[in-house]
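Undergrad: build me a model from this:
(chains A and B)
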Amino acid sequence: MSKINRAIYELQSIDATAKQNRWMNQIHPLVKLILTIYYIVLTVSFHKYDVEGLLGMCIYPMVVFIIGDLKWKDALYRLRIVLPLVCIVGIFNPFFDHRVVATFGSVQVWGGVCSMITLMLKGILTVFASYILIATTSIEGICYAFRLLHVPKIMVTQFLLIYRYITLLLTETKRITQAYALRAPGQKGIHYKVWGSLVGQLLLRSMDRADDVYESMCLRGFNGEFPFGKPKKSAGGDVAYFIFWVIVLFVIRTYPVFRLVGGLFV
Amino acid sequence: MSHIHVAVENLSFSYEKNEPILQNVSFFAGENDAIGIVGHNGVGKSTLLKLLVGLDLRFEGSIRVEEIPLEQNTLNKIREKIGYVFQDSDSQLFMTTVEEDVAFAPRNYGLPEAEVQRRVTAALEKVHIEHLRHKAIYKLSGGEKKLASIATILSMTPDVILMDEPSVALDPKNRRNLIHILNEFDHLKIIASHDLDFILDTCNRVILMNQGKIIADGDAKEILTNEKLLNENGLELPLSLYKSDN
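TA: Okay, the predicted model is just below:
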């Protein structure tokens, strides 16, 4: 499978995962969206040396991956480009912050090391929280939730159309590169002399396609607001799920739960 | 559904000056007409259909749908009555699953969800693709995409159907099914196609075009069996008629 094909396939398979008929997928999109935002806000609010507290926040993705029947392998594969970038963010901290913040026996731990770990953890956890949202909620569901939060419809529509445009752009890229490869047997990649015309073609063709799609939408009554359908109303289970996580995450954020539990054994 | 008609008068259109695509095209499409628009490549068949649904308003002349002139402020009203099937199904289908795409129009028109679902089911049953309801669009074959495209307009319960090359990519069985669907649709339908056999099976009237002009407008069998007229305008007899001759 070519790289472009794989990219299209991955995008579509995330869509398919989000549309599966599983318990987590049935939870109201608004509940999942607010919970994700709440989780991200709490996670990034930890102090830069608070590795211990931040570890407690791992509970959310761990539990949700299990109850949502999500696969770690798939998640790590799909996030293989983002996660290393997130990890790189704090990599230079140990060089700048030599303040000793903890000692383990004779080993001194610098503040820079702690802040690097917390930055990495914050990045990884927020990326996983976002992944959980998109793997269990369709893009239409997320947009519907945005509208319920009164995000302006023009922004939501733009967000949705850009998402659609990515697939369209990839499809056109696939067609062009396939046509090129069939007439350039044995050649690896695309010769630099045709880069300009291919990129120009790609732009023109994808714009044409986008135009056609927009026309098709207009012909079917599109007037600026996307019809997201009506997800089922929030059931008691959705509310209970929401309240449970709000309380659990608040407790983890407010109290050093791990230290307290650990203290029981020391 | 109500029966409506379309009146086109002196319609001219060009993308660039001195390169007219359509020149003084006039015809009246009655409420029960089944019109086939035929002509060789580049005569303006698709452009004519696009103008009829107001996809480009830079034309001269007039288009009236049920006495409503086609212009910017009447577009929505007119488009509610007309279902347009694109030549390229990839341009028509943009949602992630067949069900969502077919439900797009009814939802846009603000119908209750129960009615939306009823229409989706009816449209999918009509084109025999109920089994594809939850299938992702990208996984469909060319023919399945075409049928899904047709379902997306059937769910609008349109008063007029416009189709641009509807038989492309369909296998014989689905082609026959589409002919059956179109013949059952007892309102105005206008079909642009190179497939003259398809036109012969679905239309009672043919408009033959060449160089942006109407060359002939009349009974489908009369025009499509006139070999001289077809040859003069870059076409050939329908294959089914060739077979019977030889």
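
Undergrad: what is the least confident helix or strand in the chain?
TA: No chain was given, so I picked chain A. Ranking every helix and strand in chain A by mean pLDDT, DSSP states H and E puts helix A:257-265 at the bottom, with a mean of 79.

Undergrad: so what touches that one?
TA: Applying Cβ atoms under 8 Å, 6 or more residues apart in numbering or on different chains, the external contacts of helix A:257-265 come out as A:Glu52, A:Gly53, A:Leu55, A:Gly56, A:Val251. C-beta here means a position set from N, CA and C on the backbone, and glycine is covered the same way.

Undergrad: and for stretch A:62-75?
TA: Residues from elsewhere that reach stretch A:62-75, judged by Cβ under 8 Å, 6+ apart: A:Thr17, A:Arg22, A:Trp23, A:Met24, A:Asn25, A:Phe128, A:Tyr131, A:Ile132, A:Ala135, A:Thr136.

Undergrad: adding pLDDT, write those residues out as a markdown table.
TA: Listed next are the contacts of stretch A:62-75 as a markdown table, based on pLDDT from 0 to 100:
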| residue | pLDDT |
| --- | --- |
| A:Thr17 | 83 |
| A:Arg22 | 84 |
| A:Trp23 | 84 |
| A:Met24 | 88 |
| A:Asn25 | 89 |
| A:Phe128 | 94 |
| A:Tyr131 | 93 |
| A:Ile132 | 94 |
| A:Ala135 | 92 |
| A:Thr136 | 92 |
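
Undergrad: in TSV: the residues you listed, plus distance to A:Val109 and neighbour count.
TA: Compiled in TSV, the contacts of stretch A:62-75 are given as follows (distance: Cβ to Cβ, whole Å; neighbours: other Cβ atoms under 10 Å in any protein chain shown):
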residue	distance to A:Val109	neighbour count
A:Thr17	39	20
A:Arg22	42	15
A:Trp23	41	12
A:Met24	38	18
A:Asn25	42	19
A:Phe128	25	25
A:Tyr131	30	21
A:Ile132	31	22
A:Ala135	35	24
A:Thr136	37	24
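
Undergrad: show the contacting residues for A:Phe226.
TA: Contacts of A:Phe226 by Cβ under 8 Å, 6+ apart are A:Glu140, A:Cys143, A:Val156, A:Thr157, A:Leu160.

Undergrad: secondary structure class for it?
TA: Three-state call for A:Phe226 (DSSP: H, G, I helix; E, B strand; the rest coil): coil.

Undergrad: can you check B:Phe13 too?
TA: strand.

Undergrad: so which of the contacts of helix A:257-265 sit within helices?
TA: Among these, the residues falling in helices (DSSP state H) are A:Glu52, A:Gly53, A:Leu55, A:Gly56, A:Val251.

Undergrad: could you check the pLDDT of the last one?
TA: To tie it back to what came earlier, the one meant is A:Val251. With respect to pLDDT, A:Val251 has a value of 93.

Undergrad: same question for the fourth one.
TA: We note a pLDDT of 90 for A:Gly56 in this prediction.

Undergrad: kindly reformat the contacts of stretch A:62-75 as a markdown table containing secondary structure.
TA: What follows is the contacts of stretch A:62-75, written out as a markdown table (three-state DSSP):
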| residue | secondary structure |
| --- | --- |
| A:Thr17 | helix |
| A:Arg22 | coil |
| A:Trp23 | helix |
| A:Met24 | helix |
| A:Asn25 | helix |
| A:Phe128 | helix |
| A:Tyr131 | helix |
| A:Ile132 | helix |
| A:Ala135 | helix |
| A:Thr136 | helix |
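
Undergrad: let me know the closest of the residues you listed to chain B.
TA: Closest approach between the contacts of stretch A:62-75 and chain B, by Cβ to the nearest Cβ: A:Thr17, at 11.2 Å.

Undergrad: pretty sure the closest one sits against A:Ala135.
TA: Yes. Counting by Cβ atoms under 8 Å, A:Thr17 touches A:Ala135, with 5.1 Å between them.

Undergrad: what ranges do the strands span in chain B?
TA: Using DSSP state E, the strands of chain B run over residues B:6-16, B:19-29, B:34-38, B:60-65, B:68-69, B:82-85, B:160-164, B:188-192, B:205-210, B:213-219.

Undergrad: which elements pack onto the last one?
TA: Looking back up the chat, that one is strand B:213-219. With contacts taken as 3 or more Cβ pairs under 8 Å, 6 or more residues apart in numbering or on different chains; DSSP states H and E, strand B:213-219 sits against strand B:19-29, strand B:205-210.

Undergrad: write out the residues of the stretch 1-150 of chain A neighbouring chain B.
TA: By the rule Cβ under 8 Å from any Cβ of the partner chain, the part of the stretch 1-150 of chain A lying against chain B is A:Ile8, A:Gln12, A:Asp15, A:Ala16, A:Lys19, A:Ser138, A:Ile139, A:Glu140.

Undergrad: which helix or strand contains the second one?
TA: When you say that, I think you mean A:Gln12. Element membership of A:Gln12 [criterion: DSSP states H and E] is helix A:3-18.

Undergrad: give the buried residues for that helix.
TA: A:Ile4, A:Ala7, A:Ile8, A:Leu11, A:Gln12, A:Ile14, A:Asp15, A:Ala16, A:Thr17, A:Ala18 (16 or more other Cβ atoms under 10 Å in any protein chain shown).

Undergrad: also stretch A:35-46?
TA: Residues of stretch A:35-46 classed as buried by neighbour count (16+ other Cβ under 10 Å): A:Leu35, A:Thr36, A:Tyr38, A:Tyr39, A:Ile40, A:Leu42, A:Thr43, A:Phe46.

Undergrad: now what about that stretch, what contacts it?
TA: With Cβ under 8 Å, 6+ apart as the contact definition, stretch A:35-46 has outside contacts at A:53-54, A:57, A:60, A:118, A:122, A:125-126, A:129-130, A:132-133, A:242, A:245-246, A:249-250, A:252-253.

Undergrad: can you select the buried ones from the residues you listed in PyMOL?
TA: Per 16+ other Cβ under 10 Å, the buried members of these correspond to this PyMOL selection:
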select buried, chain A and resi 53+54+57+60+118+122+125+126+129+132+133+242+245+249+252+253
